[in-house]
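J.: here is the input, now give the coordinates:
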Amino acid sequence: MKSLTAAQRQHLRSLAHTRQPVVMIGNNGLSATVLKEIELALNSHELIKIKAASNELETRRTWMAEICAGTGASPVQQIGKILVIYRAASKPVIALPV
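T.: Modelled structure (predicted):
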């Protein structure tokens with residue numbers, strides 16, 4: 001998991017603003033199948049939104065940490081039930097500020 005600077009997080013938040021969630025974590029929680037879908041979405045999009053069904057803040061924070069650790073992604077933002085993560089592709093499409 002690469003650490004992002006404040007400027008990079010700000011840039012990614014602005015890009016994520018207009019995007020829709022591409023993965024949803026349902027009532028069964030964060031399963032291997034969901035992690036596989038997140039992995040596929042990161043390979044395709046680099047920057048993704050994930051919608052979490054849990055009403056518990058700590059559960060969502062734990063999911064964010066587990067997702068980032070399992071996929072090598074960096075956390076960008078968590079607002080309510082929406083998690084935003086980023087992982088650069090082998091040929092990055094999104095140019096991050098320095």
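
J.: could you use CA atoms for every contact and neighbour count after this?
T.: Noted.

J.: centroid-nearest residue for the chain?
T.: The chain has residue 85 as the residue nearest its centroid, 2.2 Å off, counting by Cα atoms, centre = their mean.

J.: what's near enough to touch that residue?
T.: By Cα atoms under 8 Å, 6 or more residues apart in numbering, the contact set of residue 85 is 47-49, 68, 73-77.

J.: next step: those residues restricted to helices.
T.: Counting by DSSP state H, the part of these found in helices is residue 68.

J.: for the contacts of residue 85, which one is nearest residue 8?
T.: Distances from residue 8 to the contacts of residue 85, taken as Cα to Cα, are shortest for residue 76 (8.9 Å).

J.: verify the contact between the closest one and residue 9 for me.
T.: Yes. Proximity of residue 76 to residue 9 meets the contact threshold set by Cα atoms under 8 Å, at 5.6 Å.

J.: neighbour count for the two, which is higher?
T.: residue 76 (24 against 20; other Cα atoms under 10 Å).

J.: any idea how far residue 28 is from the more buried one?
T.: 24 Å (Cα to Cα, to the nearest Å).

J.: any idea how far stretch 91-98 is from the chain center?
T.: The chain centroid and the centroid of stretch 91-98 are separated by 16 Å under Cα atoms, centre = their mean, to the nearest Å.

J.: stretch 7-27 too?
T.: In terms of Cα atoms, centre = their mean, the centre of stretch 7-27 is found 7 Å from the chain centre.

J.: will you turn the contacts of residue 85 into a markdown table that also has pLDDT and distance to residue 20?
T.: Output for those, formatted as a markdown table (pLDDT from 0 to 100; distance: Cα to Cα, whole Å):
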| residue | pLDDT | distance to residue 20 |
| --- | --- | --- |
| 47 | 97 | 11 |
| 48 | 97 | 8 |
| 49 | 98 | 7 |
| 68 | 96 | 19 |
| 73 | 96 | 18 |
| 74 | 96 | 18 |
| 75 | 97 | 17 |
| 76 | 97 | 15 |
| 77 | 96 | 14 |
